[in-house]
Every structure is written in C-alpha cells, then in structure tokens.
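1. The sequence and its predicted three-dimensional model are supplied below.
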Amino acid sequence: MPVLNRIADFAPEMAKWRHHLHSQPELEFDCHATAAFVADQLRAFGVDEIHQGIAQSGLVAIINGQGAGPTLGLRADMDALPISEMTGAAHASTKTGVMHACGHDGHMVMLLGAAKYLAETRRFAGRVALIFQPAEEEGGGGEVMVREGIMDRFDISQVYALHNAPNLDLGHFITTPGPIMAAVDTAYVTVTGRGGHGANPHECIDPIVAAIAMISAVQTIVSRNIYALQDVVISVTQIHAGTASNIIPDQATFCATIRTFDKDVQAQVQKRFEEIVAGHAAAYGVQAELIYELGYPATINQPECTDFAADVAREIVGEAAVDARAPREMGAEDFSYMLEARPGAYLFIGQGPGAGLHHAAYDFNDDVAPIGASFFARLAERAQPLP
C-alpha cells in the first residue's frame, strides 16, 4: 500500500497549513499561537478531546476509535530555532531571527494529516493521543510533558515520532532498535588564576595554560578511559580568555559537549572530567569551577516497537526504502523522555536533497507530508486493529 488515497487528496491543504506554520515560528515553550492554530484544525477535523496548556503551550488531542482498546501516542514537536531565514521562500518566516530550520512545521503537518484521516475513518480500536510538544530544541518540553503526567493521564501504552532527514532519499525511512540518538551533557569550566603583564609571567598564575592543559587532557577520556567499542564524543566548543595582547588574564573559560549512549559510560566520562579538571587545577596552582549539566538522555527504541514501525513503513514506501538497522547518531532528542516512560520508536524520514537541519537555507519538503501522515495513520490502524 502506498500513500493513503484520502491523505493524498488533501496534500495541497497540508502544504497550506505548513506554509502558515513556517511563516509564524515560535521558540521554546512560547508556542501559543502555533498551538492555537493546531487546535483550530483539530476542532475542524472533529477530534473528540483537546487538552491545552500542557508544558505551557503543548497540547494532547484524543481521537476515539471503535470499541475498547489501548491508547497509542503519536508525537510532533512545535518549536522553531533562533536563526535568520535565508530560503527566499514565499512562506518564509515573518519573524526576524526566528525560523523553522529543523522541520518541526512539517512534523506538525504530518501529524495533522494523520489526525484528519483518523477522525474521518476511525478504523482502529481504542484511542489515538496526538501529542504536540513545545521546546524540543531548548528546554526539554518532552520531559516537562511527561513530568506533568500525560502518559498516565491519557493512559498511553506506546509512543512514536518521526523526524525529517535532509539528503536521505525522499520517502525513505531509517531507524534502529536500541539507542538511536545520544545523550547530551554539557561541561562549563571556569579557571581562575592571577593576571598581570605578559612580559612578567613569573609574577602571574596563568589560567590560559591551565585551561589548555585541561582541554588536551579531556580528549584522552575517549582514547584511554573508554572501551574502544563504545561510542563517545567529547568536543570542546568554546574557549574565552583575555582582553589584550600583552595582558595575562585572571580567568579563562571553556565548555564542551559530551555525547554518550550508555548510562555507565556517561557516568564514567563525568567522573574522569571532574578528576582531570581538579587535578590540573592543583598542578597549575589555579582555582577551577566545573558545572557539569546532564541534558537529554539517549533516545532508545524498544526493539519490538521498532520492528513493527519499520514494517508499517515498508507498507507505505516498499521494502527497499526502509532501513531498520541504520547506524545510530550522536545528535540528541528530547523524545527520549517519552521513550523512557513508554515503549515506542523514533524514525527518520527522508526529504531528498537540500540544506541540512539548523541551516538558514533549510526548508521542509512538502512532498514528505503525505508519506509521513500515511505512516502515522497506518501505525494506528495496525497497532490497534478492529476485531
């Protein structure tokens, strides 16, 4: 079965929804106008319940099927990014410095398309919970929605999500059982010494030298402390120090992003990072403050749910267009919190060639929307079939 005929019928309408959402992006938890637009469409479709104000601007909508059964959760993220758009599209962002550079506008439309179809046909048992989530890019809206009780409140038994993938062939799906995206932690280090004239370093305690030594040493965590078959990334992404060419400053700061998949490895990296910073501070005679923030956990697909979702995808796009054992990647995603709370799976859907995610020239490919909507719709029908 290819794209569902009924969903193909309203593909032009889906494009109009997407263009509106793209032109009106909102950041983090402040997705109130976005949520209002989504709620208006859902009411027009005739969904049975709409619950708003979850995680400030998130919402959950319920579509009842025919007869008793579990509740299937389908999630789309809503927030945009603080990037100035360079697409030149007629539907480009009308808000300076804010744009949908990650395709969340398309994610919402895929779920809205499925919602319209499911509300019309209701060829499933139990219920479908449509989860529209704010603050995926920053703030962990997925964690907040889980913490505010959506899984228990709506009795969600499984949960699934899609993310678009630029430069993956249009309509192709990739996923994998187990970890698919990494946990992301951030380390902030402030090194304090004693500044002075650059001509007299013997009178100073140079924080730059100490910071550079720490930066070099933390790279050995991956190469010398972690088993070689574990996937770990430690990238120092900022270093700041000094104000003039002839002054040794009092302070130097740096930060790093840390990506892991295994919780024990994550803890080991944090322990070694702390030891290296403390040890080098003592060796160089400086003071060092380390703030080590644990971020989104690893996104871990439940194997049975992954195989099931991949089978549904094959029904839509064919065997050759689905890779259910794709390599995992080091990016992070707060859908991880929902997968910690309930079994489910996260998949990527290709949107063909174009600018990458988080790029100012990125734009979601509207041809993807009917494919993703068909996937969500068939997922509901097959997960909770009628007797």
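-> Perfect, I can see it now. Numbers count the residues shown, from 1 in each chain.
2. Can you tell me how far the residue nearest the centre of the chain is from A182?
-> Nearest to the geometric centre of the chain sits E333, at 2.9 Å (Cα atoms, centre = their mean). As judged by Cβ to Cβ, to the nearest Å, E333 and A182 stand 9 Å apart. Yep, even glycine has a C-beta here, placed from its N, CA and C like the rest.
3. show me the contacts for the residue nearest to M110 when sequence neighbours are not counted.
-> Leaving out its chain neighbours, the residue that sits closest to M110 by Cβ to Cβ, 6 or more residues apart in numbering is G372, at 3.4 Å. Taking Cβ atoms under 8 Å, 6 or more residues apart in numbering, we find G372 in contact with 106-107, 110, 113-114, 162, 164, 349.
4. Mind doing that once more with 7 Å?
-> Contacts of G372 were listed using Cβ atoms under 7 Å, 6 or more residues apart in numbering, and they are 110, 162, 349.
5. Could you pick out which of those residues are located in strands?
-> Among the contacts of G372, DSSP state E puts 162, 349 in strands.
6. From the contacts of G372, pick the one nearest T257.
-> L162 (25.0 Å; Cβ to Cβ).
7. For this structure, which helix or strand comes out least confident on mean pLDDT?
-> Using mean pLDDT, DSSP states H and E, the weakest-scoring helix or strand in the chain turns out to be helix 5-9, at a mean of 90.
8. Now do that helix: which elements does it pack against?
-> Judged by 3 or more Cβ pairs under 7 Å, 6 or more residues apart in numbering; DSSP states H and E, the packing partners of helix 5-9 are helix 104-121, helix 369-383.
9. List of residues touching it?
-> For helix 5-9, the surrounding residues in contact (Cβ under 7 Å, 6+ apart) are 113, 117, 370, 373-374, 377.
10. Turn those into JSON lines, including pLDDT, neighbour count and distance to V128.
-> Output for the contacts of helix 5-9, formatted as JSON lines (pLDDT from 0 to 100; neighbours: other Cβ atoms under 10 Å; distance: Cβ to Cβ, whole Å):
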{"residue": "G113", "pLDDT": "98", "neighbour count": "29", "distance to V128": "13"}
{"residue": "Y117", "pLDDT": "97", "neighbour count": "25", "distance to V128": "11"}
{"residue": "P370", "pLDDT": "97", "neighbour count": "26", "distance to V128": "18"}
{"residue": "A373", "pLDDT": "97", "neighbour count": "30", "distance to V128": "13"}
{"residue": "S374", "pLDDT": "97", "neighbour count": "28", "distance to V128": "15"}
{"residue": "A377", "pLDDT": "97", "neighbour count": "29", "distance to V128": "9"}
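11. what's the closest of those to G97?
-> G113 (29.4 Å).
12. How about that closest one: what's its closest non-neighbour residue?
-> Excluding the flanking residues, the one nearest G113 by Cβ to Cβ, 6+ apart is A373, at 3.1 Å.
13. Check H19 too.
-> H91 is the one closest to H19 (Cβ to Cβ, 6+ apart), at 3.6 Å.
14. And V109, by the same measure?
-> Closest residue in space to V109, ignoring its immediate chain neighbours: R18 at 4.4 Å, by Cβ to Cβ, 6+ apart.
15. Surely the residue nearest to the centre of the chain is in contact with A298?
-> No - the pair E333 / A298 is not scored as a contact, 9.3 Å apart, by Cβ atoms under 7 Å.
16. Please enumerate the shared neighbours of these two.
-> Jointly contacting E333 and A298 under the rule Cβ under 7 Å, 6+ apart are M181.
17. Give the full set of residues in contact with T34.
-> By Cβ under 7 Å, 6+ apart, the contact set of T34 is 21, 26, 78.
18. And for F124?
-> Each residue near F124 by Cβ under 7 Å, 6+ apart is listed here: 65, 380-381, 384-386.
19. so what's it closest to, chain neighbours aside?
-> Once flanking residues are discounted, F124 sits nearest to G65: 4.1 Å by Cβ to Cβ, 6+ apart.
20. Ok, A80 next?
-> Leaving out its chain neighbours, the residue that sits closest to A80 by Cβ to Cβ, 6+ apart is P25, at 3.3 Å.
21. quick one: that neighbour and C102 touch, right?
-> No - using Cβ under 7 Å, P25 is not in contact with C102; the gap is 10.3 Å.
22. Identify, by residue count, the longest helix of this structure.
-> Scanning the chain for the helix with the most residues, using DSSP state H, yields helix 263-284.
23. helices and strands around that helix, which ones?
-> Applying 3+ Cβ pairs under 7 Å, 6+ apart, we find helix 263-284 packed against strand 183-192, helix 207-218, strand 251-260, strand 287-294.
24. What pairs with the shortest one, parallel or antiparallel?
-> Spelled out, it's strand 287-294. Sheet pairing for strand 287-294, assigned by DSSP bridges, gives strand 183-192 (antiparallel).
25. Give the buried residues for the strand it pairs with.
-> Neighbour counts over strand 183-192 (16 or more other Cβ atoms under 10 Å) mark 183-185, 187, 189-192 as buried.
26. what does stretch 349-359 give?
-> 349-352, 359.
27. can you redo these as CSV with distance to C204 and pLDDT?
-> Formatted as CSV, the buried residues of stretch 349-359 follow (distance: Cβ to Cβ, whole Å; pLDDT from 0 to 100):
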residue, distance to C204, pLDDT
I349, 56, 98
G350, 55, 97
Q351, 54, 96
G352, 56, 96
H359, 43, 97
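28. Out of those, which is nearest to E293?
-> Among the buried residues of stretch 349-359, and counting by Cβ to Cβ, the member closest to E293 is H359, at 26.0 Å.
29. That closest one looks like it's in a strand, true?
-> No - H359: not assigned to a strand; according to DSSP: H, G, I helix; E, B strand; the rest coil it is coil.
30. shouldn't it be in contact with A101?
-> Yes - with contacts counted by Cβ under 7 Å, H359 reaches A101, the gap being 6.3 Å.
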